[in-house]
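Asker: Coordinates only, no sequence provided:
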Ligand code: SF4
Ligand code: SF4
């Protein structure tokens, strides 16, 4: 079991309030607004924390690089993947890569 799996497992016991508090804490650390891929549409929709919540809802169409690897949330969770706003959260990408054994474009 790697760091991401351990961290997710440890969150299973959280109450809804604790989970919301945790999401708020990590959203405050999210560096997406400084990324070239991030858009004003995403900003206006207050989209953040794609690594946990999943893809952007129609606001991000182009991949222009990803600064997730240097984000403190990546250090905290030990993410293996990037470009979450376009390709899905860490859990989804792990599932899809495991299923098809290939890279999602
Ligand atoms: S890893 Fe990426 S998506 Fe997740 S909080 Fe950091 S910058 Fe945002
Ligand atoms: S998930 Fe990665 S690519 Fe998307 S906006 Fe955040 S840092 Fe940029």
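Answerer: Looks like it came in fine. In this text the structure is predicted, and so the values were computed from the model without any measurement. Residues are numbered from 1 along each chain as shown. Ligands and ions are numbered 1, 2, ... in the order given.
Asker: neighbours around residue 7, how many?
Answerer: 12 (other CB atoms under 10 Å). For glycine as for every other residue, the C-beta is placed from the backbone atoms N, C-alpha and C.
Asker: Which pLDDT value does the model give the nearest residue in space to it that is not next to it in sequence?
Answerer: For residue 7, ignoring the flanking residues on the chain, the nearest one in space by CB to CB, 6 or more residues apart in numbering is residue 77 at 5.3 Å. The model reports residue 77 with a pLDDT of 96.
Asker: and what of the one 4 residues further on?
Answerer: The confidence metric pLDDT takes the value 98 at residue 81.
Asker: Low-confidence stretches in the protein?
Answerer: 100-105 (pLDDT under 70).
Asker: Excluding covalently adjacent residues, which one is nearest to residue 45?
Answerer: Nearest residue to residue 45, sequence neighbours excluded (CB to CB, 6+ apart): residue 59, at 5.7 Å.
Asker: So the one you found, which state does it fall into?
Answerer: coil (DSSP: H, G, I helix; E, B strand; the rest coil).
Asker: That one contacts residue 46, correct?
Answerer: No. The criterion here is CB atoms under 8 Å, and residue 59 misses it with residue 46 at 10.3 Å.
Asker: more neighbours, those two?
Answerer: Taking other CB under 10 Å, residue 59 and residue 46 do not tie; residue 59 has more neighbours (16 against 7).
Asker: so how far is residue 85 from the more buried one?
Answerer: According to CB to CB, to the nearest Å, residue 59 and residue 85 sit 8 Å apart.
Asker: Could you do residue 48 as well?
Answerer: Separation of residue 48 from residue 85 (CB to CB): 9 Å.
Asker: Next, show the common contact partners of these two.
Answerer: Jointly contacting residue 48 and residue 85 under the rule CB atoms under 8 Å, 6 or more residues apart in numbering are residue 32.
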